[in-house]
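# Show me how the following folds:
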Amino acid sequence: MEKVVNFGIGFLAGRPNVCKIINNYYKTLLQQVATLEEEMKIKLTIFILYDLDYLYVERLEFYNIKPEVYGNIEIKYITPEDIEEEKKILQSRYKYRKEDVDLFLGKGYARARNSIMYFALKRKIDYLYFWDDDEYPVANVKNGNIIKWEEQEDLIMHIRGMQNADITMGYRCGVMSPIPYFEYNEEIRKIDVKNYIDAISNEAVSWEKVEDSRNKGNGLGYADEKVLKDKAFYEVEKLGTKNWVLASGICLNLRNIEKIPAFYNPPDARGEDTFFSIGLKNSKVVQVPTYHFHDGFLKYTNIIKNRYPKKLDRIVYEGDMSIEERFLKASAGWIKYKPLLIYLTDKENYRSIIKETKEKLKLSIPKMNQLFCSYDFKCLLVEIEEYDKNVEKHYEEYISTNNIWNRLKKDILK
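Numbering: from 1, shown residues only. Sure, this is the predicted structure:
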């Protein structure tokens, strides 16, 4: 039998929904651990790093974990105070500059994931599994008009794949992106939506993908039954060029820490998994046959309690301000990292792509503002100008973040 495997699950939480996920799935996790007992002994640790500014909720809302969970799984909260204390230690003991620790540790998509990696490495975690607060370990398989729901053994599958990988990644189903369903009509034409999607597009979002998802599943994604039946593992190639990992549903082999890059995103942007993927060219990534259902608008939280809907309704925007807000936030997060993405992957055509992006935003934003009455999408024009102007600065930050992480790995493991 292999010695104890320290398995960490990292939750970057902006919503108290994380407590419901842990309370309702901890027994499933323990059952999976028990299944592997003959092969290895697994010690589970759940890391919760919460962001109080995401929805401006009270801190106590992230502490609604059942007592029985604490009795079976180690829960480690990473508080804002913990992070600030660690920054002071790094500055005083290891002589890091304040600007360096501020760049690597903290809140926000990339820095929070870096913080979880950092604390996991310090606690000698072997495998670190990232799990977002809007994803559930179930798969929805569609057969005609019938949906079959299958609970996933995600922990087992990632541990199986991890025996020959630096990183494992699962599949995603459910709400594939925070883009609502558009009904084309005289008010909003297909070309208007295309111009907008083309403008905010990136490695994961494209007009072709959005339109394909719209036509096949009303904007929703369904699990591939063949993946679940065959249970095949395969190596993912061309990382950071053709294929990309998602920040949630990936497991990092911290035993091979030299193959694990840092996360980075420009200030207040998304793209942390994008820039992480670009750093994986010398790492082995294995796709494992397990799904997470993505509930990007938190419209299907009953799934957490095993109450599975017989049908999934498309996400429409009419009269729901929360959908408008989520869509605009996602659009802004994407547009803010698009300049750096193009700068890193297609520098030769950078200027022409950014110019086309701005033109398509100018064409499509008036249409978006006709549909969405609560928010002004003109802010995206301001953002693309700002992040275009600062793309070289953000490139230097991206390089610096990985340099800091490479140094931290050595200092932590001394």
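
# Could you use CA atoms for every contact and neighbour count after this?
OK.

# which parts of stretch 325-343 are buried?
Neighbour-count burial for stretch 325-343 flags 326-343 (criterion: 16 or more other CA atoms under 10 Å).

# ditto for stretch 345-361
Quick answer for stretch 345-361 (16+ other CA under 10 Å): Tyr350, Ile353, Ile354, Thr357, Lys358, Lys360, Leu361.

# Other residues contacting it?
Here stretch 345-361 makes contact (CA atoms under 8 Å, 6 or more residues apart in numbering) with 195-196, 198-200, 241, 339, 342-343, 380-381, 384, 388.

# How many neighbouring residues does Ser322 have?
As a burial measure, Ser322 scores 12 neighbours (other CA atoms under 10 Å).

# Could I get the contacting residues of Asp411?
Tyr94.

# Spatially central residue for the protein, please.
Ala247 (3.4 Å; CA atoms, centre = their mean).

# quick one, what contacts the closest residue to that one other than its chain neighbours?
Setting aside the residues directly before and after it, Ala247 is nearest to Asp273 in space (CA to CA, 6 or more residues apart in numbering), at 4.9 Å. Taking CA under 8 Å, 6+ apart, we find Asp273 in contact with Trp244, Val245, Leu246, Ala247, Phe263, Tyr264.

# which of the residues you listed count as buried?
Trp244, Val245, Leu246, Ala247, Phe263, Tyr264.

# from these, which is closest to Asn114?
Using CA to CA, Phe263 comes nearest to Asn114 of those, at 6.2 Å.

# which secondary structure element contains that closest one?
If you go by DSSP states H and E, Phe263 is not part of any helix or strand.

# returning to what we had before: Gly221: which of the contacts of Asp273 is nearest?
Among these, and counting by CA to CA, the member closest to Gly221 is Leu246, at 15.5 Å.

# The closest one: which element?
Leu246 belongs to no helix or strand, assigned by DSSP H and E.

# Give me the distance from whichever helix in the chain runs longest to the chain's centre.
Using DSSP state H, we find that the single longest helix of the chain is helix 321-345. In terms of CA atoms, centre = their mean, to the nearest Å, the centre of helix 321-345 is set 14 Å apart from its chain centre.

# What average pLDDT does that helix get?
On average, the pLDDT along helix 321-345 is 96.

# which is the next helix or strand following that helix?
Following helix 321-345 toward the C-terminus (DSSP H and E): helix 350-371.

# got CSV for the buried residues of stretch 345-361, with distance to Glu150 too?
Formatted as CSV, the buried residues of stretch 345-361 follow (distance: CA to CA, whole Å):
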residue, distance to Glu150
Tyr350, 44
Ile353, 42
Ile354, 43
Thr357, 41
Lys358, 43
Lys360, 41
Leu361, 41
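
# can you tell me which residues contact the closest residue to Asn64 other than its chain neighbours?
For Asn64, ignoring the flanking residues on the chain, the nearest one in space by CA to CA, 6+ apart is Cys19 at 5.9 Å. Residues in contact with Cys19 (CA under 8 Å, 6+ apart) are Phe62, Tyr63, Asn64, Ile65.

# where does the stretch 201-350 of the chain have low pLDDT?
Where the stretch 201-350 of the chain drops to pLDDT under 70, the residues are 319.

# what about the helices in it?
207-217, 225-230, 272-278, 321-345, 350-371 (DSSP state H, counting those that start in this stretch).
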